[in-house]
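Trainee: could you look at this predicted model? Sequence included:
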Amino acid sequence: MGTRVQDGAVRGWSPLFLRFALGFVFLVSGAGKVFAVGPEATGIGGFAGFLASLGVPSPTLFAWIVGLVELVVGLLLLVGLFTRYAAVLLAIDMLVATWLVHTPSGFAVGNGGYEYTLVLMLVSIALVFSGPGRLALEYAIFDHELLPGNRGRSEPADEVKA
């Protein structure tokens, strides 16, 4: 009836595509905030002004924190380094963005709603659970995923041995 694919042969590739999608989105977003380049190029000053309009305390400090987190974590996801930790930071970032900015506008992204930030948050959470998948710098450099208590494991956590 159907062809059965072994789990270990295919499953390890899904996190790679999730990492690339999130990494690219957040690298561009962070570059817009920190360096004022790209499609949403507000720069730190513009982003701090936006945060101030929301009533965020110390808006310039938080603008730098958010901008650098998005920039650095986007790069980390693209190369597959500290993936689970990076994904936790992005999930928190998107939770706050959803709560502070997008929830009052409803669901639809076209109306400024939380649809897009919800997807980014859930994909980040998926990476927290899945890990980096194949082609991650963590495995190339350290021969294991960088997690507490995970020393010396030489294959990706999502690979299944027969």
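Mentor: Happy to help now that I have it. Residues are numbered from 1 along each chain as shown.

Trainee: mind listing the helices for this structure?
Mentor: Counting by DSSP state H, the chain has helices at residues 7-10, 14-34, 43-53, 59-79, 83-97, 115-130, 137-142.

Trainee: burial count for the nearest residue to Leu127 once chain neighbours are set aside?
Mentor: Here the nearest residue to Leu127 in space, its sequence neighbours aside, is Ala87; by C-beta to C-beta, 6 or more residues apart in numbering that works out to 3.8 Å. Where C-beta positions appear, they are placed from N, C-alpha and C, glycine not excepted. Ala87 sits with 28 neighbouring residues when counted by other C-beta atoms under 10 Å.

Trainee: Provide a list of residues in contact with Ala87.
Mentor: Taking C-beta atoms under 8 Å, 6 or more residues apart in numbering as the contact definition, Ala87 lies against 22, 77, 124-125, 127-128.

Trainee: quick one, which of the helices of the chain gets closest to Gly106.
Mentor: helix 115-130 (8.9 Å; C-beta to C-beta).

Trainee: list the contacts of that closest one.
Mentor: Contacts for helix 115-130 (C-beta under 8 Å, 6+ apart): 14-15, 18-19, 21-22, 25, 77, 83-84, 86-88, 90-91, 94-95, 97-98, 101-102, 107-109, 158.

Trainee: at 6 Å what do you get?
Mentor: Helix 115-130 has contacts (C-beta atoms under 6 Å, 6 or more residues apart in numbering) with 15, 18, 22, 84, 87-88, 90-91, 94-95, 97-98, 102, 107-109, 158.

Trainee: any stretches of this structure with poor pLDDT?
Mentor: 1-11, 148-162 (pLDDT under 70).

Trainee: same thing but 50
Mentor: Counting by pLDDT under 50, the ranges of the chain that qualify are 153-154, 157-162.

Trainee: could you report the neighbour count for Ser29?
Mentor: The number of residues packed near Ser29 is 21, by other C-beta under 10 Å.
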